[in-house]
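A.B. asks: Build me a model from this:
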Amino acid sequence: MSPRYRSGASPAGRFIAVVADVMALILGLWILMYLLDANRGNDLVRFVHDAARFLAGWSHDLFTFDAAWARVVCGYGLAAVVYLLAGHALAGWVHRH
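C.D. replies: Below is the predicted model of the structure:
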């Protein structure tokens, strides 16, 4: 068996998985900050919001619920789930090939 398969995940696969996890973490953090009504004037909150909005640009306002919190949870949550699933699937594929 080649050393590549014995050593666990490839560095590229690990990198892809970590990037997907960080993207999902940022989106999840924004959802939490929104639900807890974080101070939007704070630099950290503003940074997380801007990053999350960039990452979820394709799913932002995808749903038209009446409650704003439901739109945020579904729109940003969908993006987080897609990034996790796609990122880890791609990392697994890279690991196998």
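A.B. asks: quick one, phi/psi of the residue lying closest to A70 once chain neighbours are set aside?
C.D. replies: Excluding its sequence neighbours, the residue lying closest to A70 (CB to CB, 6 or more residues apart in numbering) is F63, at 7.2 Å. In this view, the C-beta of every residue, glycine as well, is placed from N, C-alpha and C. With angles defined as degrees, to the nearest 10, F63 sits at phi -100, psi 150.
A.B. asks: Now do F63 against W69, distance only.
C.D. replies: 12 Å (CB to CB, to the nearest Å).
A.B. asks: Low-confidence stretches in the chain?
C.D. replies: Applying pLDDT under 70 to the chain flags residues 1-9.
A.B. asks: longest helix of it?
C.D. replies: Taking DSSP state H as the criterion, the chain has its longest helix at helix 68-96.
A.B. asks: other SSEs contacting that one?
C.D. replies: With contacts defined as 3 or more CB pairs under 8 Å, 6 or more residues apart in numbering; DSSP states H and E, the packing partners of helix 68-96 are helix 11-35, helix 43-55.
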